[in-house]
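S.K.: Sequence first, predicted model second:
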Amino acid sequence: MAVLDLVIYPDDPLTKRAKPFSEIGRDEAKLAADMLDTMHAYEGVGLAGPQVGVGRQIITVQEPGGQPRCLLNPDIVLREGQETGEEGCLSFPELYAVVPRAERIRVIGFDEKGASVEFEAAGMLARIIQHEVDHLSGVVFIDRLDVLSRQAKLEEWNEMRARMAAAIRKG
């Protein structure tokens, strides 16, 4: 398959709501495979369509040591409990924050072949899915922080992005 280019925050379509799929066929299966290749190439545990420039409701996830899976039109229909944990994001390279999430979730959607799926997830897998589903609503992980923490992380990100741009200019 192929490794796709990553979209870096705040570039489009990261801050926009992704559109659902009305049909799932070969093109969607290829996109899912390419997204899994991309997620693995960048050593990520999750990836959403907007992160590769696709404004559609598709995510790939893989809990460390677990099986990779793809979900199209995913919907979290139940959230239970709350826990905090450190998160990063391929669209914010090298930026991390402690983010509150539900401990357990129930998810419905479709796999890359168009089959209906429904399952529960807990712990790390639940965190990964919530993070990626947020991307489909135009929400990034720092949006889940309190206002002061979010502002500090945005300032840190802007400094990091300026350093990356300067390094690219120097060649």
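M.R.: Yep, it's here.

S.K.: Quick one: mean pLDDT over the helix ranked longest in the chain.
M.R.: Secondary structure of the chain per DSSP state H: the longest helix is helix 147-170. Summarised as a single mean, pLDDT over helix 147-170 is 94.

S.K.: again, but for stretch 23-37
M.R.: Mean predicted lDDT for stretch 23-37 stands at 97.

S.K.: sorry, back to before: would you mark the buried spots in the longest helix of the chain?
M.R.: By neighbour count with 16 or more other Cβ atoms under 10 Å, helix 147-170 contains the buried residues 150, 153, 156-157, 161. C-beta: built from backbone N, CA, C; applies to glycine.

S.K.: what do you get for stretch 117-129?
M.R.: Buried residues in stretch 117-129 (16+ other Cβ under 10 Å): 121, 125-129.

S.K.: Just those residues: which are in strands?
M.R.: Applying DSSP state E to the buried residues of stretch 117-129, the entries found in strands are A121.

S.K.: tell me which of the buried residues of stretch 117-129 is nearest to K170?
M.R.: I128 (35.2 Å; Cβ to Cβ).

S.K.: Contacts only, for the closest one.
M.R.: 45-46, 61-63 (Cβ atoms under 8 Å, 6 or more residues apart in numbering).

S.K.: Can you flag which of the residues you listed belong to strands?
M.R.: 46, 61.

S.K.: Farthest pair within the contacts of I128?
M.R.: G46 and E63, at 9.3 Å, using Cβ to Cβ across the contacts of I128.

S.K.: between the two, which one's more packed in?
M.R.: Higher neighbour count among G46 and E63: G46, with 24 against 18, using other Cβ atoms under 10 Å.

S.K.: tell me the contacts of the more buried one?
M.R.: 39, 59-62, 128-129, 131-132.

S.K.: now swap in Q57 and tell me
M.R.: Contacts of Q57 by Cβ under 8 Å, 6+ apart are 18-21, 49, 72-74, 136.

S.K.: Give me the buried positions along the lengthiest strand in the chain.
M.R.: Longest strand in the chain by number of residues (criterion: DSSP E): strand 69-80. Buried residues in strand 69-80, defined by neighbour count with 16+ other Cβ under 10 Å: 69-74, 76.

S.K.: can you put these in JSON lines and add pLDDT?
M.R.: Below are those laid out as JSON lines (pLDDT from 0 to 100):
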{"residue": "R69", "pLDDT": "97"}
{"residue": "C70", "pLDDT": "98"}
{"residue": "L71", "pLDDT": "98"}
{"residue": "L72", "pLDDT": "98"}
{"residue": "N73", "pLDDT": "98"}
{"residue": "P74", "pLDDT": "98"}
{"residue": "I76", "pLDDT": "98"}
